[in-house]
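A.B. asks: next come a sequence and a model predicted from it.
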There are 2 protein chains.
Amino acid sequence: MAKWVYAFGNGKADGTAEMKNLLGGKGAGLAEMSGMGLPVPPGFTITTEACTYFYQHNQTYPDGLKAEADAALKQVGALVGAEFGNPAKPLLVSVRSGARVSMPGMMDTVLNLGLNPETTEGLASLTGNARFAYDSYRRFIQMYSNVVLGLEHSLFEEILDSAKEEKGVELDTELDATDLGRIIDDYKARVRKELGKQFPDDVHAQLWGAIGAVFGSWQAARARTYRKLNRIPEDWGTAVNVQAMVFGNRGETSATGVAFTRDPATGEKLLYGEFLINAQGEDVVAGIRTPQPISKAVRERQGGKKPSMEEAMPAAYAELRAIADKLEAHYRDMQDVEFTIQDGKLFMLQTRSGKRTAKAALKVAVDMVTEGLIDEKLAVMRVDPMALDQLLHPTLDPKAPKEQIASGLAASPGAATGEVAFTADEAEKRAGEGHAIILVRTETSPEDIHGMHAAKGILTARGGMTSHAAVVARGMGRPCVSGAGMIKIDAAKGEMVCGAHTIRRGELITIDGTSGQVFKGRVPTIEPELSGDFATLMGWADGMRRLKVRTNADTPKDAEVARKFGAEGIGLCRTEHMFFDPERILAVRQMILADDRAAREAALAKLLPMQRGDFEGIFRAMEGLPVTIRLLDPPLHEFLPQTDAEVADVARAAGTTPAKLRARAIALQEANPMLGHRGCRLGITFPEIYEMQARAIFEAAMNVERSGGKRVQLEIMIPLVGFRSEFDFLKERIAAVSRTIAKEHGRAPAFMTGTMIELPRAALRAGEIAESAEFFSFGTNDLTQTTLGVSRDDAGTFLTEYLSKGLIARDPFVSIDQDGVGELVKIAAERGRKAREKLKLGICGEHGGDPDSIRFCHEAGLDYVSCSPFRVPIARLAAAQAAFRYVNEDS
Amino acid sequence: MAKWVYAFGNGKADGTAEMKNLLGGKGAGLAEMSGMGLPVPPGFTITTEACTYFYQHNQTYPDGLKAEADAALKQVGALVGAEFGNPAKPLLVSVRSGARVSMPGMMDTVLNLGLNPETTEGLASLTGNARFAYDSYRRFIQMYSNVVLGLEHSLFEEILDSAKEEKGVELDTELDATDLGRIIDDYKARVRKELGKQFPDDVHAQLWGAIGAVFGSWQAARARTYRKLNRIPEDWGTAVNVQAMVFGNRGETSATGVAFTRDPATGEKLLYGEFLINAQGEDVVAGIRTPQPISKAVRERQGGKKPSMEEAMPAAYAELRAIADKLEAHYRDMQDVEFTIQDGKLFMLQTRSGKRTAKAALKVAVDMVTEGLIDEKLAVMRVDPMALDQLLHPTLDPKAPKEQIASGLAASPGAATGEVAFTADEAEKRAGEGHAIILVRTETSPEDIHGMHAAKGILTARGGMTSHAAVVARGMGRPCVSGAGMIKIDAAKGEMVCGAHTIRRGELITIDGTSGQVFKGRVPTIEPELSGDFATLMGWADGMRRLKVRTNADTPKDAEVARKFGAEGIGLCRTEHMFFDPERILAVRQMILADDRAAREAALAKLLPMQRGDFEGIFRAMEGLPVTIRLLDPPLHEFLPQTDAEVADVARAAGTTPAKLRARAIALQEANPMLGHRGCRLGITFPEIYEMQARAIFEAAMNVERSGGKRVQLEIMIPLVGFRSEFDFLKERIAAVSRTIAKEHGRAPAFMTGTMIELPRAALRAGEIAESAEFFSFGTNDLTQTTLGVSRDDAGTFLTEYLSKGLIARDPFVSIDQDGVGELVKIAAERGRKAREKLKLGICGEHGGDPDSIRFCHEAGLDYVSCSPFRVPIARLAAAQAAFRYVNEDS
């Protein structure tokens, strides 16, 4: 026969911490604490299975539940010397929900249950405190009417407010027992009026009403939505915890509080939290009285006057301190606890793993290893890789005064201060003169790249988390606030208006890409700290991971930053970004708009030394590590001149007319450029472009070596291959350039030729492609676009709605779609390796920096991930966790 | 030991017709005829394996080849009473290449080999005809010098011309033996001058030179290109045929000719061909004398004066007639033969399957069944499905006089005459007044649909075979010539200029979409004949096929045409085409540009009765056959107003301002509309659109049934599904509409809900989608775009180059990419059927009418293909052939 009820209390418990699925998180925690002998008010948990039964059987309770609950309730009464519904020694209980996973704010709670006119009088005489008894009853009626009977809080607040008004007082505490008695009558009358029936006096009816309401709250609209968004199965159900009440508001020897076993902001080992003497939890929330720190050290640090718990209640503090250590030793993690002190006696009401900042997470993890509480592996598992992002960028000094003038999306983390510039050229020019610049644009385009690079930060009025500005800024590690819609930019006038503020060109602003806020003037920032705990933990992580971590870097500067963060090579060097440089774009445009091969080659000849120079810088920065260079990829029209002046410039340089140029530009327009004439298709129709790039790569590698640099590991990557024939055609062209170089110089650098796998066809045909290609890099950005048939640029209009309707769980451009795109990656990896055992496999693109995707890459057997420089530490940590989980959870 | 040489002649042969791979097509045919006892000049074939050996061994011949060839040559001499190189009785031979498959014009031939000064004199005295002997030697030198020694023909033509000039004559025949002797000397001198060596007199050196040249021609640039384009493996090699010469130019009892065993244009059973008395093959080609018909009936029909072969050489004719029957009975197919009559004796030089028109193919196939030569299955296999296209459309009367004014691409077959209209509105208006119209546009867009529908044919100045005009015209079965670049259209002036011709609005032109030609005025046309042989053969085909054939039809008229062609249902009814009707586009635009749901619903309410009416017409036309209706699919901006006047119209109707409308239109623009906010994504963000469509479908079905129509088999199809959650969301919406209908009317029509599989993700997740979807239709157009990452609209710039460079064999939008897209189709079919055994599987889109793709669909286990109405017969035949081949070739 199923057991529906699990009791706890008096140093014993039917359940344990492991039974979270059955008892919910709260119930398992209470059982565990009770089983450890900690002071927990006795109670019992009705299992999640009872909830499941309830919904599977037309909202009825299973046989036996009532009898089990009654027996458990009697036992609870016996332990606290009380009896449920007995006016002489009334037992009061709390009824709380508790699901397997925390669903904050979703589920309901009823306190003080068991009160009716008779037991209230009994409580009054028992405690000698009529006001306490009446106030408890008042609170119960209000809470129960809301949670169980479905009446609005406001109905009762009105009555309370008018009672205070009548008496001419402001605080609830100024109402006495008589006042409260009258309010109770009014409350009950209101319930009668609203529902046409009496507020229940029968304590058992109260209890089962509350239990039913908790079960019911599992199917409330908000809970269903929350589950959908968080992928929590419908059939998990919630448990119900019924527990004897303890009161922190029974006088000056009573108190209530919350505490972290370590400082959740810094990780320092001390009891960190707040408590209030003679108060209940509600009072802390209400904020009428200011809670005091738990420990003396914190009080002194904050300069508080009122005594800390350590000073005011030293015995209770000592007990709490001992319990905290016991819990930490038991759970081997920092805990977040709730407690109540009733008449000097400490009761524990909840314990759970404590949320913490990235900095605290690092310190706690490293300290606990030092303390011998956990081993290094567990320490690595304890830090959320995404949280590291906070640590890698300058942050605003939290103590500094700030004047916020706008807000937008937190598009790329970090804080930056600079003078406002409204065009990329202006940003570049003034940055060149030594000024710190914030580039402010309505939105950015590839033409703005040089300005974005020159700026310390980017602010846009339009665009989401995957807009051009956001993606490029993250890649560059520049702080960015995007989509700050309230900003009106008048670039011609050289000013922007943010509500009441008008900021002119050259004036200082500060942006915080971690929060999305924009401030006037300079706000002091704090530089990131990459040594100490960070370095220790990353060292442990590096020892655990199998995946290598490379970076996506297009410039020597990016390469340097990435190496500082631990990158082990470049997984994606995009050669087109180099083309947007204003000094080069003219030659690029000449090349694109050339009528024939000769004219194109003339323009390419101008580009050759520039590209060679780029590569030399990157090779030097990487000091012999592998560098994967992707040949030209984007559709040519991205480089086209836009304005009449630009057209005229190009026409002059190319010796043609603006009209002819414009006609060619129109001919280059495409209906779907993402699926158009780009990638290796350019290389095939205009082989001279890739030939120039191959030459630049080879010559750069030789120059670096000749000047004493390390021999570079060259990996030349052909993008957008769908057919092996495409790859073969271009591979031979590159080989031919290498042979020419060898003839000219006596030797040519060693290199590998490989391809991006970014089309479903390429993934399926990976076997034959791998016969020719020496490495694959999964371009999962484009592979996601093609596999899902979703243009990233256009997805905003519907993907947001998909997420909010729960049709998809996560943005597939942020975390790899494992079921669809992921299967193609696995197919390609398997077929590729079958054809070429040593085939090198990596992933580039945004997914390379996403922990879930990194775990997927580990499982799919890839050799490395490549991500933007600022994601490198995240990837290192995520790769370590993936290796650990793969071994410990799945196999 | 390998046998390198296969002899034939004297009623015997080492080889047979089955040995095509070893002997090449020509060699196998000669062996077969010889083995049948037909009069074939004796000879031998050097195998393709010898050619392969030649290339695998640094261009050397295998051991034993020379000895075998010498022996065979001796045998040939013995059979004809001659000896190679013997001046007393010289043996002359032809040396011809012959690959496994015909490679017209690619390979080389040398005639009269074995002549030198001595044997020429011998031939002269033997035949008593010095002129014949000298002319044969002259021709040999010229041919050999060109084919074997690599000298230009023109070098020799110059000499010949100046000889004729000197003598003051015009024709070669006017030169006598003396003249020819001098020319021979000049030829030889020229060879010496060019090559610095003598023209070879040694006949064995001549022979091996010629054999080497034939092997060499296999690797000539033009042959390599031809093989690449036709996917002929490099290692097949060519055979060499060495055969005793016979001469049709030995006097009035000699002749040469070619004949088909049946009329290749009509299929009529008579010897159809031409012959020339006292002539060689070259003379027929040169066109100096007009050849005569073979049979008397043909001569009389053509009104020829000179006697036919039947009349002039009755004995030879009778023998040829008997041989023709023997060959037909032997090969069980119509043959194309070459023959020579030497001194009254008939020799067969070649036989092969005869090329024929679609009409002839049908008649020959059906007649041969009647004659008992073949069975019905073989008859069905004998007709090229694509050739049927010629029969389904009106064709130009071949005898009518024509004045061609332009030409373009043969974009959609059939001929049509009509008055020129330059806008869709004008076309529709004048067609409504009863005029036949040819719509002439620079290029067409979805806005022109109504004009294209109203017109008899479409002519565009821009656009390829897959341009909008071409695709839509093929779908509608309208003749179309696209990309006629020489036409300059001035719609404002109401005229078009084609070279010297100016055609004004309302003037008649005729277009031939089968040839791509455009003519002035009316050219009489011949209507297609769908009964008789066509109906007989299609009946046989229907009995053989397993695949059902449906049609893509958006209008009752298309549905009727398709049923006439044998469609068994509608596989794709695109609801958006209905929206382009000028009466509706206003309401559609109101809907799209609506700011909120209420405004959108108001516009949809206007569209409901129109859509209902469309569906009623289609359901009536299909008389109870299944109809698959795809809910709205294209990006909304396709419907947007373009001109200021259109914007003003919509603004007025919607009660808003043009400026607001234009802003909304800009907001709807997308970077890659193909991958944007379309398909089910529209249904999810604007559920009311699909709800309106579902209601229109259900109400139409009930109306048709109520008015006595047959109960329609409804299949509602949701496009562009990538996630099962999308499908489920919309399936439930449609079900809800059905429930509402049931409440309103007491009952609702039965229907199935299914989805397009047109995204790689959908194919991969077919298992879970099929748990919910009742049918799949493979939208291979979009599946090709996404799997290959190629936008059909933009592919022209590079796919053409891919085809010409041999990187791909066929346009993947014409014939399904079996390796890539095909694997996804197979994966989806397998996973879908695993989840739902009875899952109905079909294909819609252009591939559904392509025979190779249809064979693929058969093999993949699909239930049906759906294609445009005019492709239905093609698909029926191709499906039958697929079923036959699947059983007979693969298993």
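C.D. replies: Arrived safely, thanks for sending.
A.B. asks: roughly how far does residue A:641 sit from residue A:648?
C.D. replies: Residue A:641 is 9 Å from residue A:648, where distance means Cβ to Cβ, to the nearest Å. Glycine gets a C-beta too; all of them are placed from N, C-alpha and C.
A.B. asks: who has more neighbours, the two?
C.D. replies: residue A:641 (22 against 14; other Cβ atoms under 10 Å in any protein chain shown).
A.B. asks: list the contacts of the more buried one.
C.D. replies: Taking Cβ atoms under 8 Å, 6 or more residues apart in numbering or on different chains as the contact definition, residue A:641 lies against A:589, A:647, A:649, A:650, A:661, A:665.
A.B. asks: for the second one, the count of nearby residues, please.
C.D. replies: The burial metric for residue A:647, expressed as a neighbour count using other Cβ under 10 Å, is 20.
A.B. asks: any idea how far it lies from residue A:583?
C.D. replies: Residue A:647 is 18 Å from residue A:583, by Cβ to Cβ.
A.B. asks: which residues in the stretch 651-800 of chain A form strands?
C.D. replies: A:713-718, A:751-757, A:775-779 (DSSP state E, counting those that start in this stretch).
A.B. asks: point out the most buried one among the ones you listed.
C.D. replies: When the strands of the stretch 651-800 of chain A are scored by mean count of other Cβ atoms under 10 Å in any protein chain shown, the highest mean neighbour count falls to strand A:775-779 (a mean of 27).
A.B. asks: what's near enough to touch the closest residue to residue A:638 other than its chain neighbours?
C.D. replies: Leaving aside its chain neighbours, residue A:638 sits nearest to residue A:446 (5.4 Å; criterion: Cβ to Cβ, 6 or more residues apart in numbering or on different chains). By Cβ under 8 Å, 6+ apart, residue A:446 lies in contact with A:468, A:580, A:634, A:638, A:639.
A.B. asks: same thing but at 10 Å, please
C.D. replies: Contact analysis of residue A:446 by Cβ atoms under 10 Å, 6 or more residues apart in numbering or on different chains lists A:452, A:468, A:472, A:576, A:577, A:579, A:580, A:585, A:634, A:638, A:639.
A.B. asks: in helices, which of these appear?
C.D. replies: Secondary structure assignment by DSSP state H places A:452, A:468, A:472, A:585 of the contacts of residue A:446 in helices.
A.B. asks: put the buried members of those into a PyMOL selection.
C.D. replies: Command for PyMOL that selects the buried part of the ones in helices among the contacts of residue A:446, burial taken from 16 or more other Cβ atoms under 10 Å in any protein chain shown:
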select buried, chain A and resi 452+468+472+585
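A.B. asks: need the ones in helices among the contacts of residue A:446 in a markdown table with pLDDT, can you?
C.D. replies: Below are the ones in helices among the contacts of residue A:446 laid out as a markdown table (pLDDT from 0 to 100):
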| residue | pLDDT |
| --- | --- |
| A:452 | 90 |
| A:468 | 80 |
| A:472 | 81 |
| A:585 | 84 |
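A.B. asks: what's the burial count for the closest residue to chain B within the stretch 201-350 of chain A?
C.D. replies: Chain B sits closest to residue A:228 of the stretch 201-350 of chain A, with a gap of 10.0 Å, by Cβ to the nearest Cβ. Around residue A:228 there are 16 other residues, counting by other Cβ under 10 Å.
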